[in-house]
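S.K.: Give me the fold of what follows.
(chains A and B)
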Amino acid sequence: MKTAEQQDTAIHEIKKRSMTGEVLSRLVRNKGAVIGFIIILIVVVACVLAPVIAPYHYDDQDISRKFLEPCADFIMGTDNLGRDIFSRLLYGGRISLQVGFIATGISALFGITLGAISGYYGGKIDNVIMRVLDIFMAIPNLLLAIAISASLGTGIASAMIAVGVSSIPQFARIVRGPILSVKGQEYIEAATAIDASDMRIIFRHLLPNVLSPIIVQITLGVANSIIAAASLSFLGLGVQPPQPEWGAMLSASRVYIVDHSYMVTFPGLAIALLVISLNLFGDGLRDAMDPRLKD
Amino acid sequence: MWRYIAKRLLSMIPVLIGVSFIIFTLLYFTPGDPASMVLGEQASEEAKNEWREEYGLNDSFWTQYFRYIKDIVTKGDFGDSYRNGRSVTSSLIDRFPTTFLLAVCTCVVAMLVGVVLGIVAANHQNSWIDAIARVFGMIGISMPMFWFALLLIMFFAVKLQWFPVSGFYGPRYVVLPAIALGLTHAASLMRITRSSVLDCIRQDYVRTARAKGQTEGVITRHHILRNALIPIVTAAGTSFGIALGGAMIMEQIFAIPGLGRLMVDGINQRDYPIVRGAVMLLALSFSLVNLAVDMLYAYIDPRIKAQYQGASRKKQKTEAEEVQA
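M.R.: I've put the predicted structure just below:
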């Protein structure tokens, strides 16, 4: 009896590993995804180690060295207060990454839960949840984020919540559809028959079906959240100066666009580079997880 | 069909009420006292209270909310601005055309570039055109549009001086913001078009059309595009929403006096009636565009049209039966 069980788990292990392995091997063969992943890794490490790498503190002001063009001492130049732009970018990346990941975490957590409940229970609950989400979808995403962050006031936390909440409906929709279609399958019936709890059915049997779109959506969601958060601080909401958030830096340097264009170039490049890598990786992940979608 | 439109229009009502409730609640609980913002911190408590009384801010949440809805429904009145006492409705009417124009121009740019490039790329899959299109798509969806706008200003307005840096006094002023916003959407539209067209290219009926010697142009137009259009139209509808949201940022960068500027200024000055009105109006126009997109489906896809007609006919039948019974 025990050996049979062991055999079962062994087979299960092999199957599991080969599935992940297959996805990984497909992912590794995708040049874009690999490049994206490497850049993400470099950016994350650089930002985490910002206090070690950065030559200056992000708020190290010195008017005597303001508006220095990129040179050996200040590889990306200095801003209007003489602060080193490179150092500020490193510190700012920490904020952008934090906001990106936590905001996506918020939207994933609530979106997946709502979508799963909606799809699994159906009927009235489904109706109520979907109608409420319809209301949120009627407001363009960025507009909703602006409204939420206006009411929460400025700051990193408010930016995270604003960006996170505004993309909850997307996650809910991704999860609900497949769950609706899988719900009727025999193995769900079997699970119900052996008296598995609703929670168990949702988490063990239903959600794994939607795992790949969820993972892809999370990767792309981080990219979008970073842009959305930058947009908020660009508008003067969300993260505030002297915090070196990338969008806030762009917004502050906009005044000097005519004479000191390098001030605008580097923060924008930083956002674009990080977001491109996330998108490349997300696209690669999608192709690897669901080869049918690949063109 | 008319039945369906009427039904959809009716179903917008609860959504818009929901939007108004969300926005009203959000702004109601916003920290910061509008009275002190308008009258100044030093104003006496009496004066502040009088001011609050005048704008009905001392009433309970529900009284305020229902009065707000009632005024909108019965009089089309979105309240008065805290700042200058001007009617919000007239400010909205002043500003809306500008934002709408910008959003429409953006969508035109996005559709022209995105859809055409997507079709060409899909038709020449894995060629150099396709490669360029894919790079464009990747960069486009990743580049923050406000940065792209700044780069455009740097190059076309400051260096080449082809277009004005900011302001809004004529068609020339729309070009840069529409391109900045439009090209970023064109990227996502291009990606969707490309994959949608690629999907159709592999269908059996396309092979059949080729086999019977149909010309490539006709195949592209009648067999592929017609079928690939649904996801493209959906994306175009969403991109209008994004354009409305993006217009907020473009108006900020290019100093365009539109709804977005009005709203951001309103947020900064705690002028909540303005913010509420702007969000409501933008949500309304977004919902209407989405309704129009749904209508378009029926024209593009006869199957969907048949569904509507079938449903309404069936309904008429059952209703007739009920009457008879």
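S.K.: Could you use CA atoms for every contact and neighbour count after this?
M.R.: Fine.
S.K.: From residue A:153, how far off is the closest residue to residue A:165 other than its chain neighbours?
M.R.: Excluding its sequence neighbours, the residue lying closest to residue A:165 (CA to CA, 6 or more residues apart in numbering or on different chains) is residue A:107, at 5.7 Å. Separation of residue A:107 from residue A:153 (CA to CA, to the nearest Å): 20 Å.
S.K.: What's the per-residue pLDDT of residue A:292 here?
M.R.: What the model reports as pLDDT for residue A:292 is 58.
S.K.: Next: residue A:72.
M.R.: The predicted local distance difference test score for residue A:72 is 69.
S.K.: and the nearest residue to residue B:275 once chain neighbours are set aside, what is it in contact with?
M.R.: Using CA to CA, 6+ apart and skipping residues adjacent in sequence, the residue nearest residue B:275 is residue B:263, 5.0 Å away. The contact partners of residue B:263, taken as CA atoms under 8 Å, 6 or more residues apart in numbering or on different chains, are B:274, B:275, B:278, B:279.
S.K.: host element of residue B:263?
M.R.: In this structure, residue B:263 sits in helix B:259-268 according to DSSP states H and E.
S.K.: how about residue A:130, what does it touch?
M.R.: Applying CA under 8 Å, 6+ apart, we find residue A:130 in contact with residue A:118.
S.K.: Name the residues of the one helix or strand it maps to that are buried.
M.R.: Applying DSSP H and E as the criterion places residue A:130 in helix A:123-137. Taking 16 or more other CA atoms under 10 Å in any protein chain shown as the basis for neighbour counts, the residues of helix A:123-137 that come out buried are A:126, A:129, A:130, A:132, A:133, A:134, A:135, A:136, A:137.
S.K.: Identify the residues contacting the second one.
M.R.: Read it as residue A:129. Each residue near residue A:129 by CA under 8 Å, 6+ apart is listed here: A:114, A:118.
S.K.: per-residue confidence at it?
M.R.: 91.
S.K.: Please report how far it lies from residue A:219.
M.R.: Taken as CA to CA, the spacing of residue A:129 relative to residue A:219 amounts to 25 Å.
S.K.: what do you get for the first one?
M.R.: Spatial separation of residue A:126 from residue A:219 under the definition CA to CA is 27 Å.
S.K.: one step back: in contact with the residue nearest to residue A:165, which residues?
M.R.: Contacts of residue A:107 were listed using CA under 8 Å, 6+ apart, and they are A:164, A:165, A:166, A:167, A:168, A:171.
S.K.: isn't the second one right next to residue A:109, touching?
M.R.: No. Between residue A:165 and residue A:109 no contact is recorded; they are 10.3 Å apart, counting by CA atoms under 8 Å.
S.K.: Figure out the helix or strand that the spatially most central residue of chain B lives in.
M.R.: Residue closest to the average C-alpha location in chain B (CA atoms, centre = their mean): residue B:241, at 2.2 Å. Under the criterion of DSSP H and E, residue B:241 resides in helix B:226-254.
S.K.: quick one: is that helix near chain A?
M.R.: Yes. Helix B:226-254 is in contact with chain A by CA under 8 Å from any CA of the partner chain, via B:241, B:242, B:244, B:245, B:246, B:249, B:252.
S.K.: Just give the nearest non-adjacent residue to the first one, would you?
M.R.: Going back to what we said before, that points to residue B:241. Here the nearest residue to residue B:241 in space, its sequence neighbours aside, is residue A:140; by CA to CA, 6+ apart that works out to 5.2 Å.
S.K.: and the one you found, what is it in contact with?
M.R.: If you count contacts by CA under 8 Å, 6+ apart, residue A:140 has them with B:241, B:242, B:244, B:245, B:283, B:286.
S.K.: could you point out where chain B is predicted with low confidence?
M.R.: Along chain B, the parts satisfying pLDDT under 70 run over B:307-325.
S.K.: can you list the residues of the stretch 201-325 of chain B near chain A?
M.R.: When proximity is defined as CA under 8 Å from any CA, the stretch 201-325 of chain B approaches chain A at B:241-242, B:244-246, B:249, B:252, B:264, B:267, B:279, B:282-284, B:286-287.
S.K.: let's see 7 Å
M.R.: Selection of the stretch 201-325 of chain B residues close to chain A by CA under 7 Å from any CA of the partner chain yields B:241, B:242, B:245, B:267, B:283, B:286, B:287.
S.K.: Most proximal residue of the stretch 101-250 of chain A with respect to chain B?
M.R.: Closest residue of the stretch 101-250 of chain A to chain B, CA to the nearest CA: residue A:151 (4.4 Å).
S.K.: In chain B, which residue sits nearest chain A?
M.R.: Using CA to the nearest CA, the single residue of chain B nearest to chain A is residue B:30, 4.4 Å away.
S.K.: for that residue, helix, strand, or coil?
M.R.: Three-state secondary structure (criterion: DSSP: H, G, I helix; E, B strand; the rest coil) places residue B:30 in coil.
S.K.: what sits up against the next helix or strand after the helix holding residue A:130?
M.R.: For helix A:123-137, the following helix or strand on the C-terminal side (DSSP H and E) is helix A:141-152. Among residues not part of helix A:141-152, those counted as contacts by CA atoms under 7 Å, 6 or more residues apart in numbering or on different chains are A:158-159, A:162-163, A:166, A:228, A:232, A:237-238, B:26-27, B:29-30, B:245, B:267.
S.K.: returning to that earlier point: between the helix or strand containing the residue nearest to residue A:165 and helix A:123-137, what angle do the directions make?
M.R.: Secondary structure assignment for residue A:107, by DSSP H and E: helix A:85-121. Orientation note: helix A:85-121 sits at an angle of 150 degrees relative to helix A:123-137 (axes from the mean of the first three to the mean of the last three CA atoms, to 10 degrees).
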